[in-house]
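S.K.: Provided below are the primary sequence and the corresponding predicted coordinates.
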2 protein chains.
Amino acid sequence: MLRGAALRVTRPRLAVLGAVHALSHADTESIIAAVRRDLPQVSHQAVYDSLQALTANGLVRRIQPSGSVARYESRVGDNHHHVVCRLCGVIADVDCAVAETPCLTAADDRGYSIDEAEVIYWGLCPDCAAAQVLDHQP
Amino acid sequence: MLRGAALRVTRPRLAVLGAVHALSHADTESIIAAVRRDLPQVSHQAVYDSLQALTANGLVRRIQPSGSVARYESRVGDNHHHVVCRLCGVIADVDCAVAETPCLTAADDRGYSIDEAEVIYWGLCPDCAAAQVLDHQP
DNA sequence: CGCGTTTTCTTGACCGATTCAAGAAAACCG
DNA sequence: CGGTTTTCTTGAATCGGTCAAGAAAACGCG
């Protein structure tokens, strides 16, 4: 994958790529921890640089819902979206409701040349929704 | 407006509300500057608290595209979306392409109870797109 | 395979938006 | 006009992320 993107193959990059694939919507801190299980010596900066390089070349995708730190996922190139729990912050993938390139056409594009539509659904995850109900019926 | 939301009416809150209405997608720093034109003494904390209170009560809306600081707008309750320029970061409003509650229905909601769909279109604003073309045809 | 160039990693300082905490001031309710 | 509660001031702290300089590792080529 790295060679395909004309990126040098280094241990930190391999480990970061592995970590992003192994974890689900992981933040940088979790990725650093995972990478250090293999390479205890890596600096946080190497991880930041790797994530930046991988993101810029489309090998991983970066998402950052409001109020959250940056998170990374390995599912790329299929324009799927995310649903975020307002209470616990957990993220799940959702496929687009509309079509292949979903809401990619704005009603009026204001003269912008749009290349991506990012959709975030906000709500309550099943667990938090259940806890919510219990609170109101004690 | 403040009374309608059961919020105490204070000078800082009035000034913040005015600033958000006067500016377009302003960040906190701009809002602080605008507020201080009327009330030179206000602390940044008062502005942060006011924005938080206004946002929590739906009087202003907070948006935060990846890589940007928090921004606030006065257009609320009409589920419109935003288009962000990848180069200069400028933000414009766009109405939803689909319907009243646009992409509010995910293909598979994963058991979440969704209450909002937030859409951000990424692309190039007219100015940056033009500059881009000039770069490639010097 | 070894060398030189270029990119990447290590180390450690730094930054800036936002939050926390404690006390003073101001709104609201009779 | 008090008393209570919320909000504001002041000032410090937090924390994700970035910057900078030199050391180390990849890669390309002979």
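M.R.: Ah, there it is.
S.K.: where does chain A have low pLDDT?
M.R.: Scanning chain A for pLDDT under 70 picks out the ranges A:2, A:97-107, A:135-138.
S.K.: show me the helices in it, by range?
M.R.: A:11-22, A:28-38, A:44-56, A:126-136 (DSSP state H).
S.K.: need these in JSON lines with distance to DNA strand C, can you?
M.R.: For the C-beta atoms, the positions are set from N, CA and C on the backbone; glycine is no exception. Output for these, formatted as JSON lines (distance: least, CB to the nearest atom of the strand, whole Å):
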{"stretch": "helix A:11-22", "distance to DNA strand C": "4"}
{"stretch": "helix A:28-38", "distance to DNA strand C": "9"}
{"stretch": "helix A:44-56", "distance to DNA strand C": "3"}
{"stretch": "helix A:126-136", "distance to DNA strand C": "20"}
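S.K.: out of those helices, nearest to residue A:69?
M.R.: The closest of the helices of chain A to residue A:69 is helix A:28-38. By CB to CB, the value is 6.7 Å.
S.K.: what is the closest one packed up against?
M.R.: helix A:11-22, helix A:44-56 (3 or more CB pairs under 8 Å, 6 or more residues apart in numbering or on different chains; DSSP states H and E).
S.K.: buried sites along the longest one?
M.R.: When burial is assessed from 16 or more other CB atoms under 10 Å in any protein chain shown, helix A:44-56 yields the following buried residues: A:46, A:47, A:50, A:51, A:53, A:54, A:55.
S.K.: what's the first one in contact with, if anything?
M.R.: Meaning residue A:46. Residues near residue A:46 by CB atoms under 8 Å, 6 or more residues apart in numbering or on different chains: residue A:12.
S.K.: how near is it to residue B:5?
M.R.: As judged by CB to CB, to the nearest Å, residue A:46 and residue B:5 stand 48 Å apart.
S.K.: try the fourth one
M.R.: As judged by CB to CB, residue A:51 and residue B:5 stand 41 Å apart.
S.K.: got it, and residue A:6?
M.R.: Taking CB to CB as the measure, residue A:6 falls 54 Å from residue B:5.
S.K.: now do residue A:116
M.R.: As judged by CB to CB, residue A:116 and residue B:5 stand 35 Å apart.
S.K.: regarding chain A, what is its longest strand?
M.R.: Looking across chain A with DSSP state E, the single longest strand is strand A:113-124.
S.K.: and it, which strands flank it?
M.R.: The pairing partners recorded for strand A:113-124 under DSSP bridges are strand A:81-85 (parallel), strand B:113-124 (antiparallel).
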